[in-house]
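Peer 1: Sequence and predicted structure are below.
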Amino acid sequence: MAQIELTNVIKKFDDLTVVNNVSLTVKSGEFLALVGPSGCGKSTLLRMISGLETIDGGSIVIDGVEVNKTPPKDRDIAMVFQNYALYPHMSVYDNLSFGLRMKGMKKDLIDEKVRKTADLLDINELLDRKPGQLSGGQKQRIAVGRAIVRDPKAFLFDEPLSNLDAKLRVKMRTDLLRLHKKQNATSVYVTHDQIEAMTMADRIAIINFGVLQQLDTPIMVYSHPKNLFVASFIGSPSMNFLNGSIGMKGSVPRFTSTSGGISCDLPAHMTGGIPSSSLSDLILGIRPEDILLNPSEDNLIQLSTVPIELIEHMGDISLIHLSPEPGVEWIVKAPPSPDMHDGQMVTLHLRTGKLHLFDGKTEENLYVNRSEKPQS
Ligand SMILES: Nc1ncnc2c1ncn2[C@@H]1O[C@H](COP(=O)(O)OP(=O)(O)OP(=O)(O)O)[C@@H](O)[C@H]1O
Ligand SMILES: [Mg+2]
């Protein structure tokens, strides 16, 4: 399987730069998820790798060969789209074999490859059907099969599961992941579904406005987001934020919210090395699961006592909506409790080791950038 290297890749549509100087390497056999808001350039990036779109700057190297000007048919890359793009008048067998027939491959060899792919995807009983006689999940499987049968250097997936209902999506997600583990094919997978990205990918690339924000393992992007955008984009519900500043009280850093309504001491090591210019304007971040309402462990910072505004019961957990101070909305993930109710007063406790500090102007994660260097 091939490695895909993007170096300073640029794409412009008229005056609009939709992919802005993106450099990243998809390692051989790696499953890389590409996420970001709608319109941030994910599909454009895939189309440039496949050759369906030209590039306006930089270079794309596949398997050691620069392909900037290579037409799609000579790149040996298979793309699986959201809308399946099956030929409706052809049987599943013919849909699978079409590309190989076009290449002039021998009938016996085609048959062997189609049967092998059908085994792999468990679609043997569907080979004689037409796409119109298939469910959404089955069509998706055929679309994946059509890519696999070609034995390409790499797979590009553009939201392949987003047309499926929630239950089928979860099943197909697991199926695709199993398939990847068997095949170890270099794959770039665009998705809007964070759970898909987190569960399937070896690494996740987060893009915003055509700019690569962070490229790292699912655990690292979740626990060490490089900036405010990644922190708020990855994770559901999103990370909670509070604007403020840090002043020193002797050797103890003290965070005070912009309104002055909240003050709390932070561990001394958190501010070590942060330039004083950043201390005056920063954003405190904490994930919903790192706020406790009942202190049951050590190393917590006690914050305000506020009323519960709304509870969403999810079954395994409850999402508690509240405001640590007026105008600031937070969500806390808490174990479900039948005793909890709207209006109940609760005291917020933050896990000290899970606090993030972002620069108010650059929006960089000050803490991460000093202590650990995620890959980019
Ligand atoms: N052929 C085109 N001509 C002009 N603008 C285009 C063209 N194709 C895409 N764009 C613009 O480029 C930007 C990136 O589009 P792209 O399809 O890559 O986004 P995306 O991240 O895949 O979004 P989504 O999540 O909605 O699929 C958008 O602003 C889009 O309008
Ligand atoms: Mg898209």
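Peer 2: Nice, thanks for sending it over. Ligands and ions are numbered 1, 2, ... in the order given.

Peer 1: From now on I want contacts and neighbour counts done on CA atoms only, so please keep to that.
Peer 2: OK.

Peer 1: Verify the contact between residue 129 and residue 89 for me.
Peer 2: No: contact status for residue 129 versus residue 89: not in contact, 10.0 Å apart, counting by Cα atoms under 8 Å.

Peer 1: Run through the residues that contact residue 52.
Peer 2: 71, 72 (Cα atoms under 8 Å, 6 or more residues apart in numbering).

Peer 1: swap in residue 289?
Peer 2: Contacts of residue 289 by Cα under 8 Å, 6+ apart are 332, 333, 334.

Peer 1: repeat for residue 292
Peer 2: By Cα under 8 Å, 6+ apart, the neighbours of residue 292 are 332, 334, 348, 349, 350, 351.

Peer 1: Return the member of these nearest to residue 265.
Peer 2: Lowest distance from residue 265 to the contacts of residue 292 (Cα to Cα) belongs to residue 350, with 11.4 Å.

Peer 1: circling back to that earlier point, who's more crowded, residue 129 and residue 89?
Peer 2: When neighbours are counted by other Cα atoms under 10 Å, residue 129 and residue 89 differ, and residue 129 comes out ahead with 14 against 11.

Peer 1: And whichever residue of the stretch 51-200 of the chain sits closest to ligand 1, how far from residue 206?
Peer 2: Ranked by Cα to the nearest ligand atom, the top residue of the stretch 51-200 of the chain for proximity to ligand 1 is residue 192, at 6.8 Å. Remark: distance between residue 192 and residue 206 (Cα to Cα, to the nearest Å) = 11 Å.

Peer 1: Likewise for residue 199?
Peer 2: 15 Å.

Peer 1: Likewise for residue 365?
Peer 2: 15 Å.

Peer 1: now do residue 278
Peer 2: Counting by Cα to Cα, the gap from residue 278 to residue 206 is 25 Å.

Peer 1: out of these two, which sits in the busier spot?
Peer 2: residue 206 (24 against 19).

Peer 1: So the more buried one, which state does it fall into?
Peer 2: Counting by DSSP: H, G, I helix; E, B strand; the rest coil, the backbone at residue 206 sits in strand.

Peer 1: Hmm, residue 40 and it touching each other?
Peer 2: No: applying Cα under 8 Å as the test, residue 206 and residue 40 come out as separate, 9.7 Å apart.

Peer 1: quick one: contacts for residue 23?
Peer 2: 5, 6, 7, 8, 9, 212.

Peer 1: Need the buried ones from those selected in PyMOL.
Peer 2: Those of those that count as buried under 16 or more other Cα atoms under 10 Å are selected in PyMOL with:
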select buried, resi 5+6+7+9+212
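
Peer 1: Could I get the contacts of residue 23 in TSV, plus columns for pLDDT and secondary structure?
Peer 2: Below are these laid out as TSV (pLDDT from 0 to 100; DSSP: H, G, I helix; E, B strand; the rest coil):
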residue	pLDDT	secondary structure
5	98	strand
6	98	strand
7	98	strand
8	98	strand
9	98	strand
212	98	strand
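
Peer 1: If we look just around ligand 1, which residues of the stretch 101-250 of the chain are in range?
Peer 2: For the stretch 101-250 of the chain, no residue is in contact with ligand 1 (Cα under 6 Å from any ligand atom).

Peer 1: all helices for the stretch 101-250 of the chain, in order.
Peer 2: 107-121, 136-148, 166-183, 194-200, 218-223, 228-233 (DSSP state H, counting those that start in this stretch).

Peer 1: Would you reformat those helices as CSV and include mean pLDDT and mean neighbour count?
Peer 2: CSV is the format used below for the helices of the stretch 101-250 of the chain (pLDDT from 0 to 100; neighbours: other Cα atoms under 10 Å):
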stretch, mean pLDDT, mean neighbour count
helix 107-121, 91, 17
helix 136-148, 88, 22
helix 166-183, 84, 14
helix 194-200, 91, 18
helix 218-223, 95, 18
helix 228-233, 96, 20
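
Peer 1: what about stretch 202-213, start to end distance?
Peer 2: 17 Å.

Peer 1: Quickly note the distance from residue 256 to residue 244.
Peer 2: For residue 256, the distance to residue 244 - Cα to Cα - is 5 Å.

Peer 1: same check, this time on residue 160
Peer 2: 42 Å.

Peer 1: Kindly state the domain boundaries assigned to the protein.
Peer 2: Domain assignment for the chain by automatic domain parsing gives 4-227, 232-371.

Peer 1: Tell me how far the last one lies from the chain's centre.
Peer 2: So that's domain 232-371. 23 Å (Cα atoms, centre = their mean, to the nearest Å).

Peer 1: switch to numbering from 39
Peer 2: Fine by me, first position is 39 from now on; the one you just mentioned is domain 270-409.

Peer 1: got a list of what the residue of the stretch 239-388 of the chain found nearest ligand 1 touches?
Peer 2: For the stretch 239-388 of the chain, the residue closest to ligand 1 is residue 248, as judged by Cα to the nearest ligand atom, at 7.6 Å. Contacts here follow Cα under 8 Å, 6+ apart; on that basis residue 248 touches 55, 56, 57, 58, 60, 78, 79, 80.

Peer 1: all strands of the stretch 189-338 of the chain, in order?
Peer 2: 192-196, 225-228, 241-246, 249-254, 278-287, 290-295, 301-303, 320-324, 329-330, 338-345 (DSSP state E, counting those that start in this stretch).
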